[in-house]
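> pasting the sequence and the predicted coordinates here, then a few questions.
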2 protein chains.
Amino acid sequence: MLRNTIDLMLYDWLQVEALTAHDRYADHSRETFSAVLDTAERIAAEKFAPFNRDADVNEPRLVDDRVVQPRCAHDAAAAFVESGMLSASQDYEMGGMQLPCVVEMAANVFFAKASVGLHGGNVLTTANANLLLTHGSERQRKVFAARELRGEWFGTMCLSEPQAGSALADILTRAVPDGVEFEADPLGARYRLTGNKMWISNGDHELSANIVHLVLAKIPGSDGCLPPGVRGISLFIVPKHLVDVDGNLTGERNDIAVAGLNHKLGHRGIPNTLLNFGEGRHPVQGAGGAIGYLVGQPGEGLKCMFHMMNEARIVIGLYASAIGYAGFEASFEYSRTRKQGRRLAATGKDVASPPVPIIEHADVRRMLLAQKAYSEGGLALGLYCARLVDQARLDAGVAANEAKVLLELLTPVAKSWASESCVEANSLAIQVLGGYGYTRDYPVEQFWRDNRLNMIHEGTHGIQALDLLARKVRLDGGRGLALLESRIRNAIRAGEASASTRPMAQALRTALDQLLHATAEAWADGDPEVATANATPYLQAFGHVVVAWLWLEMASVTLRVASTDSDEHGKLRTARYFFHYELPKIGAWLGVVAGRERTCLDAREECFVQ
Amino acid sequence: MLRNTIDLMLYDWLQVEALTAHDRYADHSRETFSAVLDTAERIAAEKFAPFNRDADVNEPRLVDDRVVQPRCAHDAAAAFVESGMLSASQDYEMGGMQLPCVVEMAANVFFAKASVGLHGGNVLTTANANLLLTHGSERQRKVFAARELRGEWFGTMCLSEPQAGSALADILTRAVPDGVEFEADPLGARYRLTGNKMWISNGDHELSANIVHLVLAKIPGSDGCLPPGVRGISLFIVPKHLVDVDGNLTGERNDIAVAGLNHKLGHRGIPNTLLNFGEGRHPVQGAGGAIGYLVGQPGEGLKCMFHMMNEARIVIGLYASAIGYAGFEASFEYSRTRKQGRRLAATGKDVASPPVPIIEHADVRRMLLAQKAYSEGGLALGLYCARLVDQARLDAGVAANEAKVLLELLTPVAKSWASESCVEANSLAIQVLGGYGYTRDYPVEQFWRDNRLNMIHEGTHGIQALDLLARKVRLDGGRGLALLESRIRNAIRAGEASASTRPMAQALRTALDQLLHATAEAWADGDPEVATANATPYLQAFGHVVVAWLWLEMASVTLRVASTDSDEHGKLRTARYFFHYELPKIGAWLGVVAGRERTCLDAREECFVQ
């Protein structure tokens, strides 16, 4: 089921084959892309899906100083490394396959659908290596990134701290030069780091021979104080085990201690850790302080990290959609086989007739269509963004620049819309299964728990909403929004050409106008606190308009390629579901945005106790 | 916090003191009511809240044939029995306090907020006894109900079966006369029952000396076949341990076996069982078949059971609201103490200023106001229904009849609206806590899991929606809906008298008209399958209109009683939140209802795989 949809999106809609006209992808074809998807689907089905519950029940444990995980975690990691997926989009010379980003991300969707707990950490290694390939020195690329891409070492990103959360300006991890000749180290300027990092996924484990932490820290000024704000943040490579200039393990451990594992609601397959850097538990050459190597220039840490985070956000949107789809599949299967009740007929119910499969009930179909609309909508948005990544990398000039600008605008939406909608999708999957769905004997309750993280990590929902309304729609005089508008209007024009899609195209035009109006009204008096007071409802409405546009595109593509009876095709019906049941919701969300509604902004603390 | 709100609702809004004019409540006063609430609050704080996580982590286990629960479950049950709450609303002669139903239910809210896992089962015993007091013989009342009300024995309701779920017409449990003189048993006509009952909360445990199962079963006809439909269902008392005519345990066990415990997502404090009746594991006098005593007449089982279920549905709405409120309290406390980020000012952020408590951020306030609006809205609706229960019982003639009719209409709404809204409230509580909210170190993730059951048990969301749109709004020529309309219009008129509530009153008038229009349009062509194809969106909109009305009432009451600055009072602000952010959502929901939208109804199975 999912494969057909991904094929439609990649080949018929996003025209991924056109990429093979570029030199970089000259060896590729639909056949090679499909072979990668086949492999991903197969390994996911063999090594991931059957162990999803196992990874949940047997979450990582701290035994003495070691993080212990079940056998299935080791097997899944090994199978993933073996598949070459860690470096799928990298250059041949780095051992990669030079796959387009969009194909790589599509392949990863199968793993995430099978078990986000066993797969979710893999993207950290790829993203970590990608960052080093972009911002690291040649030796850092060779020593660290190359080993990560081969799966010898795994990577992390260490941003948050217990006291700071999303507010990176307030991090307290400190990096001081390690000796007078600290700048002469071939692996990069060498510092000693001290501080605590919270919410570190894959922060410790025994799945790889070493762990490459990318750590944000501040270098104190001459007064010994940490520089304020995000401009004082630098980025460091801090390996768990120390290495020589060629990357051989020296046998010495770095001064990093696992202070504890976080015990989570879901996503339990991935160890999530509080790491103490440099507290002296594992002194290096007799002294406390974790050894770290500067990446890029001091003070540019956040800039480097955002490169990694932006791709991670698209991936999260895709993974949220994958989990949404997993629930859709499970509840669809259940609804076809579970018999209960009878259809309501004009003549009443015939109790002597046998019960029907519950998919016969309109409300069950509603819950299935909603799940399909959410999860495939999120998938379409994520893959559209991934295609923009490819375009931004490949094309020169205007097209690449447009892709970059549009990508910046859509990234918070791709992350957030899918995360929120697909938790709801998973809730509907539980509802289709009824009491059974509420038990751990069926997979849907786990999907719901697993998916709930996606609105939180890599920047919470509220942070994404601020990013969208306070920054992205206004960047560069609103160029991203104008570009988006023009693409949506193109789709509207195309949609109006067919009777099947005309009502959707017309509804989308109205919705787009509402969204643009609300955007302008939000900022009408220029006060950012008032403008963004309803940023979250704005984000929800923005996402619904964008996904309505993509559903219109899906519908148009299907009309073009489906052989017969295309008007009754599932993609058309799901698109109509989205336009009838979902898109009208933007009225309520945009009402408060356009009205610069201050009910929440002005609420005094005492009103909550009254 | 909750206590103030409950006091406002009981005394200032629902005029509970007026009940003391009735003979039945003549001994009562605001002081006695408040003493009960005080006691409930205290016991909940001492014996329930501190053990909520313990009950979750140490869920019931089956050890050989026994259901083993942690110490805290025994202590909480004993404290609850000791409080007299099981019989709070019963006659003095039954050992009760003759409390109004609305006060009893309000007191139970404190227990549910503290730990639904430790408290949720208690209502089964009270409801079971209530049913027997209404439909049982004098001896059944004395032997079974009286002991339940004293907390010596606990009760269950056994409706569902593995193959039947909500479709009670299809139950297969069979009851055959036990011997030729089966009708002569003083405890009631004696049958032997065989069959499997699923999802039985408190189906087995060691918290009480006996368990009184109320079991739905069918008596085969002379052809040996079970009668079709719900009219063939009868009700039986099936005690776990057999008793003599005076209720003394005979020492013999009934033929009931625990076939398994269900391992749930939440609500883990309550054992949930699959019970096999009459399979011969515990033969009675040498023969298989569980001994059961008929309650009421054969074929009237469902009628008797609905009495119990309707009150249980109101209770579920209240408990869902209580869990919603628990999350609100936890996230409010967190938001006042957790410091992170800075307010957005026109001049940008001052990174040198200290971080602010996160309640300073508009989006956090939005999440708190939403939780308050949902949980207090559900609470108001549940208590309003409980007040109708009192009115229906006490008053003679028109007023009682009106209360009954209105109660029938509002019961599915009270159950469903609170269940759906307060799962969302709990999700927002997680979001306020961010990563911490996703860990089991904080209580909010458990609230979210616990609350998710409420949309499923006692009739799923979809079943309630059908009940509302297919039956309740049309019963008796739409009398219930007309009554509701008239009460809402009274509130609108009253609300228009004050400048503070006038905009809400006007918005409510428009919303009510929309709802009534959609109701008529749904049924415009009289086809029940088409009319109810969008029953769930209808239920959602219906609930939002009803709760908007109650928020208007809350606002009006507050303006009347609050001493100073009432326009800035929390109740006013939350009411405004509901009208600005929530009520406008009905447009999208009612659109498909009024349009008799067939997208879901007509979806073919193959469209889901396309």
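Now that the structure is in, tell me what you want to look at. Numbering: from 1, shown residues only, chains lettered A, B, ... in the order given.
> going forward, measure contacts between C-alpha atoms and count neighbours the same way
Fine.
> could you find the closest non-adjacent residue to A:W549?
Counting by CA to CA, 6 or more residues apart in numbering or on different chains, A:W549 lies nearest to A:I488, which is 6.3 Å off, once chain neighbours are set aside.
> residues contacting the helix or strand hosting that neighbour, please?
If you go by DSSP states H and E, A:I488 is part of helix A:479-496. Applying CA atoms under 8 Å, 6 or more residues apart in numbering or on different chains, the external contacts of helix A:479-496 come out as A:402, A:405-406, A:408-409, A:472-474, A:501-506, A:508-509, A:512, A:549, A:552-553, A:556.
> what does the stretch 101-250 of chain A put close to chain B?
Neighbours of chain B within the stretch 101-250 of chain A, by CA under 8 Å from any CA of the partner chain: A:Q163, A:A164, A:G165, A:S166, A:A167, A:A169, A:W199, A:P228, A:G229.
> domain ranges for chain A, per the record?
A:1-120, A:153-297, A:300-458, A:460-610 (automatic domain parsing).
> pLDDT (mean, whole number) over the second one?
It stands for domain A:153-297. In this model, domain A:153-297 has an average pLDDT of 96.
> what does the third one give?
In this model, domain A:300-458 has a mean pLDDT of 94.
> cool, stretch A:61-75 as well?
On average, stretch A:61-75 scores 96.
> could you pick out the longest strand of chain A?
strand A:190-201 (DSSP state E).
> what helices or strands is that strand leaning on?
Where contact means 3 or more CA pairs under 8 Å, 6 or more residues apart in numbering or on different chains; DSSP states H and E, strand A:190-201 is packed against strand A:153-158, strand A:174-177, strand A:272-277, strand A:290-295.
> neighbours around A:A499, how many?
10 (other CA atoms under 10 Å in any protein chain shown).
> hmm, who's touching stretch A:541-558?
Residues contacting stretch A:541-558 (CA under 8 Å, 6+ apart): A:9, A:12-13, A:377-378, A:380-381, A:413-414, A:417, A:488, A:491-492, A:494-495, A:501, A:504-505, A:508, A:511-512, A:515, A:566, A:569, A:571-572, A:575, A:578-579, A:582-583, A:585-586, A:589-590.
> oh sorry, the question was meant for stretch A:198-210
Taking CA under 8 Å, 6+ apart as the rule, stretch A:198-210 contacts A:66-69, A:73-74, A:77, A:121, A:151-162, A:211, A:213, A:239-241, A:258, A:262, A:270-275, B:435.
> go on, stretch A:79-88?
A:39-40, A:43, A:47, A:94-99, A:104, A:122-123, A:125-126, A:148-151.
> now these: which count as buried?
Among those, those classed as buried by 16 or more other CA atoms under 10 Å in any protein chain shown are A:40, A:43, A:47, A:94-99, A:104, A:122-123, A:125-126, A:148-151.
> which of the residues you listed fall within helices?
A:A40, A:I43, A:E104, A:N122, A:V123, A:T125, A:T126, A:E148, A:L149 (DSSP state H).
> export those to JSON lines and tack on pLDDT and distance to B:D390?
Listed next are these as JSON lines, based on pLDDT from 0 to 100; distance: CA to CA, whole Å:
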{"residue": "A:A40", "pLDDT": "98", "distance to B:D390": "62"}
{"residue": "A:I43", "pLDDT": "98", "distance to B:D390": "62"}
{"residue": "A:E104", "pLDDT": "97", "distance to B:D390": "64"}
{"residue": "A:N122", "pLDDT": "95", "distance to B:D390": "60"}
{"residue": "A:V123", "pLDDT": "93", "distance to B:D390": "59"}
{"residue": "A:T125", "pLDDT": "96", "distance to B:D390": "63"}
{"residue": "A:T126", "pLDDT": "94", "distance to B:D390": "64"}
{"residue": "A:E148", "pLDDT": "97", "distance to B:D390": "69"}
{"residue": "A:L149", "pLDDT": "96", "distance to B:D390": "70"}
